[in-house]
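*Asks:* can't give you the sequence, but here's the structure:
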């Protein structure tokens, strides 16, 4: 892969092994000065894979089980901490650490942010009316342990003593996490983050703007439930069932 030929907005995410400064490496990649084979640069570039999705057209169900299992082994490197990530500069990039491995992603595209907004608009009335928690969007943090800190695109946190959490550090395990796929996050969202959220016992939705579907992962699932028309959600404590109209979600975000 020729890194110099990649535009910043479509650059794959970078996984650092601790042998280089993330800010220096990001600048080098943008300028075309670094290649994946550069000795000592301490990073690997994960290009967007071909969509691993087999579509079985059933006439009746609005959701189905995916025909792929995205399990991949993680690579152990120098361990980063959540506190180190919190100290990273506000330079527009997203810094996350998962099990001690640092992930750096470029700023998202407009399409991505449009979908994030539409997910929030769709969920907010239900979350408030059913009093199941508090809805947050990008740049909020979920840090289940000292070596892990992620910033989900959309997530719902439960109340703490009946009230909104006073800080990210005292917040409980999310009720729901939603990630919107982008070219830089496909592998991470479908593998590394999916394993993390399942381990935490969190319901996880992956919004795929290219395929216009939502993958739903429950903690014990080995295959995603793929929803192309409607997704039904009934979280603990809610009286009413929530219906996410998948087609309408993408139409509002991408066709407007």
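*Replies:* That came in fine, so what should we check first? Model, not experiment: these values are computed from the prediction. Numbering: from 1, shown residues only.

*Asks:* gap between the helix or strand where residue 216 lies and the chain center?
*Replies:* Using DSSP states H and E, residue 216 sits within strand 213-217. What separates the centre of strand 213-217 from the centre of its chain is 12 Å, taken as Cα atoms, centre = their mean, to the nearest Å.

*Asks:* adjacent strands (with direction) for that strand?
*Replies:* strand 203-208 (antiparallel), strand 225-227 (antiparallel) (DSSP bridges).

*Asks:* in TSV: those strands, plus mean pLDDT.
*Replies:* TSV is the format used below for these (pLDDT from 0 to 100):
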stretch	mean pLDDT
strand 203-208	98
strand 225-227	98
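
*Asks:* give the closest residue to residue 216 in space, chain neighbours not counted.
*Replies:* Once flanking residues are discounted, residue 216 sits nearest to residue 225: 4.3 Å by Cβ to Cβ, 6 or more residues apart in numbering. Every C-beta, even on glycine, is put in place using the N, C-alpha and C of the backbone.

*Asks:* identify the bridge partners of the one you found.
*Replies:* Counting by DSSP bridges, residue 225 forms beta bridges with residue 65, residue 216.

*Asks:* give me the phi and psi for the most centrally placed residue in the chain.
*Replies:* Nearest to the mean C-alpha position of the chain, by Cα atoms, centre = their mean, lies residue 179 at 3.6 Å. Backbone torsions of residue 179, given as degrees, to the nearest 10, read phi -120, psi 130.

*Asks:* show me what it bridges to in the sheet.
*Replies:* With DSSP bridges applied, residue 179 shows beta-bridge pairing to residue 206.

*Asks:* any idea how far it lies from residue 79?
*Replies:* To residue 79, residue 179 is 23 Å away according to Cβ to Cβ, to the nearest Å.
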